[in-house]
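# What shape does this take:
(2 chains)
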Amino acid sequence: MIKIENFIKKYSKQTVLEIDSLDIPIGQTFGLIGNNGAGKTTLFSSLLDLIKPSKGRVINNGIDVSESEDWKSFTTAFLDETFLIGYLMPEEYLYFIGELRGLNKKEVDAFLAQFEDFFHGEILGGKKYLRDLSKGNQKKVGVIAALIGEPKVVILDEPFANLDPTTQIRLKAIVKDMSKNKDVTILISSHDIQDVTEVCERIVLLEKGRVIKDLVTSPQTLKELESYFKGE
Amino acid sequence: MFKMMFGLQWKEFNRGKSVGGKLLAKILKWFGIIYFAFMAVGLGFIASRYGGPLMEFPVEKDTIAPFIYVNKLLIYVFIYLVVLRYFVQSLPILNIKALLLTPVLKKQIVRFSLLKTVFTYFNILPLFFLVPLTLSLARTGNYDITALIFWNVNIIGIIYITNFLNFLLNNKDKLLYGFLGFLALIKGLEFYSIVDFTEYSEKFFYLFYSHPYAVAFTWLLVFWLYDYVNKYMLQGLYIDTGLQVKIKEAKIEDFSFLDRFGKTATFIKNDLRLLKRSKRARTAVYMGIGFLFYGLLFVSFEDIYGSTGSFFGHLFSTGGFLFMFGSFVPSWDSQYYPLMMTQNIEYKEYLNSKWSLMIIGTAISTVLASLIYSFFGTNAVFAVLAGAFYNIGVNGYLTLWAGAYTKSPIDLNSSANAFGDKKAINAKTMLVGIPQFALPIIVYYFTSQYYDHLTGCLAVAAIGALGIFLKPVAFSLILKAYKTEKYSTLKAYKSN
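Prediction:
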């Protein structure tokens, strides 16, 4: 589904990301792990054409993302709070995203009904704008918005960070549930090795902009990653 | 301590994004200030010999009529000063939260913020008027010099009262609405000639000349106000009071009647919410309304400015909203630009929605302006319509195109922060405006000189009409600019 070819991103002379080849097949739940500055967000941003690679291409379902905008119709993402519109209420925001994805209000409402317990009765029907919600609640709205409209590719940057324990567990369940659908390719980054090994089928470890490990998740993966980050 | 804080401010300016643009804006701003200083000096000299519209200019030697006349008008000067300050003067911004935990005393933070405003050009510029006025008045020998000096001290005191009042107006909505109500009352009473405030103004300000010791009251008020604002700001230095974003109760707004316009409507709905809910965006609407009356300035003085002058006024009167809103596309969306760039929409649709909103605003302005200027005859209405055509057919594209290169993010949420910068006007947008307004003026000037007013209007309207037909061409150029600038815009917005 997603192919990265001869990818290099440089800022002045410093290379922040260099990937010769990375292929993510349809339906895979793909995890990206690495320390700060490893290039996780840079990678996700270039998948979304928010950053232009210095060299190389990013292909999403056969479309070069910097050439055509057609990938936008089946790709969704939540990277950070810049994906939220602060002056909207959560409902208005979700309707807005829904409308862009061709869903009317009723369809959005029906879609949201399944996430009632995820929102914990705190978000919908409140009298607050998104900008006035807590960081955690903002994130919940952003992540759910990225799931609207049956996307084929979902990109989530550190979805589990800053969430309360209950929500973390619920979000993991949602992601696992989604990964059962073999049409949906999910890309997740995280700082937490436990989280990715729990949720993802495949884990790529980035370090200083390079792919160090590319693992199919197995019972040993957690140990392997742990020993890597301990510096053994 | 102050030195350190100045250092912080300098770094904030110097290391911020788009330093070049800011510098240019600063230079333009200073050109403006110097221009106004010269104007003030000239006005000071003229005012010292001008006794009002009923007297000959210059006045006879042995009268104090000019002084009386200045006192008459002072009330309006101060009212406009307050209004101008509210819209233009930015309050000092410091990275307050970071300073709260440092050993800097809170008192010092506040004192620095307040004292810095003492030297803004709003307080200095009036001196350029007062000094020549006073010197020139004193030279006539009709005045008591000491009393004149005390009168000046009083005026300066009142200038500082407006300075500190501005802090409160910016932070206390009730006070602002009270002031606006007061303003409307004054204007209304004056309009229907029930009360002539200039008479009271004359008596009041003359008092400080005839009884110089009264100046003590003014300055007591200055210090009391300083103290009050000081305390008020000090209270605001908690993250749950002044530094916190005030939470307003939200209400869902539907706008579903717009749905028939398809995807364009999806965005327009959002922009309408933006205009309603962000104080900064609302300024664009207020300015648009304000500009409707801009032409009046020229119409009333047509014998001075000539018909080209009033044509300029009419051109502006329909373009206020287009100008104030359009100049900040796409900066309005700076906080969530990555979202916009990844959603299931094409750039073209996004830009088209912005353009449509500008055009809707211009159309509404045109209807209102036509009504306002119909009192001044059909010629004025023709000029308004010609201006509207030009604004829709040319300025809409130009403004949108320039937006591709405007990379200063707008913090929509800052409005409720006591120390936030709430001003939406910057000199850079003014710079873009020069070519937009120079061309139609030149076209109008030459055609109306050789032929007549109507031909001039038609010529300008024709350019506008041509522009409307060329929309696909204009849009493909704009689109190209936006696409090339996309990545650097995203980067500039990111590090807000």
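
# Does anything pack onto the lengthiest helix in chain B? Which helices or strands?
Determined from DSSP state H, the single longest helix within chain B is helix B:19-47. On a contact count with 3 or more Cβ pairs under 8 Å, 6 or more residues apart in numbering or on different chains; DSSP states H and E, helix B:19-47 meets helix B:65-88, helix B:121-139, helix B:427-450. Every C-beta, even on glycine, is put in place using the N, C-alpha and C of the backbone.

# Report the angle between that helix and helix B:121-139.
20 degrees (axes from the mean of the first three to the mean of the last three Cα atoms, to 10 degrees).

# What average pLDDT does helix B:19-47 get?
What helix B:19-47 shows for mean pLDDT is 79.

# Residue ranges of each domain in chain A, please.
Following automatic domain parsing, one finds the domains of chain A at A:25-51+A:64-74+A:152-232, A:81-151.

# Nearest to B:Pro132, out of the ones you listed?
Nearest of the domains of chain A to B:Pro132, taken as Cβ to Cβ: domain A:81-151 at 47.9 Å.

# Off-centre distance for that closest one?
16 Å (Cα atoms, centre = their mean, to the nearest Å).

# quick one: is it near chain B?
Yes: using Cβ under 8 Å from any Cβ of the partner chain, a contact is recorded between domain A:81-151 and chain B, made by A:82-89, A:91-92, A:96-97, A:99-102, A:126-129, A:131-132, A:149.

# rewinding a little: redo the helices and strands packed on helix B:19-47 as CSV? Include mean neighbour count, distance to chain A and mean pLDDT.
Below are the helices and strands packed on helix B:19-47 laid out as CSV (neighbours: other Cβ atoms under 10 Å in any protein chain shown; distance: least, Cβ to the nearest Cβ, whole Å; pLDDT from 0 to 100):
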stretch, mean neighbour count, distance to chain A, mean pLDDT
helix B:65-88, 18, 21, 85
helix B:121-139, 18, 31, 90
helix B:427-450, 17, 22, 77
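
# quick one, which of the ones you listed is nearest to A:Leu47?
Closest among these, using Cβ to Cβ: helix B:427-450, at 33.7 Å.

# now for the next helix or strand after that closest one, which elements pack on it?
Later in the chain than helix B:427-450, the nearest helix or strand by DSSP states H and E is helix B:453-469. Secondary-structure packing of helix B:453-469 (3+ Cβ pairs under 8 Å, 6+ apart): helix B:302-326, helix B:378-390, helix B:427-450.

# how about helix B:453-469: buried residues?
Going by neighbour count (16 or more other Cβ atoms under 10 Å in any protein chain shown), the buried part of helix B:453-469 is B:His453, B:Gly456, B:Cys457, B:Leu458, B:Ala459, B:Val460, B:Ala461, B:Ala462, B:Ile463, B:Gly464, B:Gly467.

# Taking the residues you listed, tell me the two that lie furthest apart.
B:His453 and B:Gly467 (21.8 Å).

# List the contacts of the nearest residue to B:Gly44 once chain neighbours are set aside.
Of all residues not flanking B:Gly44 in the chain, B:Pro132 sits nearest, at 3.4 Å (Cβ to Cβ, 6 or more residues apart in numbering or on different chains). For B:Pro132, the contacting residues are B:Val41, B:Gly44, B:Phe45, B:Ser48, by Cβ atoms under 8 Å, 6 or more residues apart in numbering or on different chains.

# Tell me the bridge partners for the residue minimising distance to the centre of chain A.
Nearest to the geometric centre of chain A sits A:Leu156, at 1.3 Å (Cα atoms, centre = their mean). Beta-bridge pairing for A:Leu156 (DSSP bridges): A:Phe78, A:Ile188.

# Would you confirm that it contacts A:Ile144?
No: judged on Cβ atoms under 8 Å, A:Leu156 makes no contact with A:Ile144 at a distance of 10.9 Å.

# Can you list phi and psi of B:Ile64 for me?
phi -110, psi 20 (degrees, to the nearest 10).

# Quick check: the closest residue to it other than its chain neighbours vs B:Leu130, distance?
In space, and not counting its chain neighbours, B:Ile64 is closest to B:Asn142: 5.3 Å by Cβ to Cβ, 6+ apart. Look at B:Asn142 and B:Leu130: by Cβ to Cβ, to the nearest Å, they are 18 Å apart.
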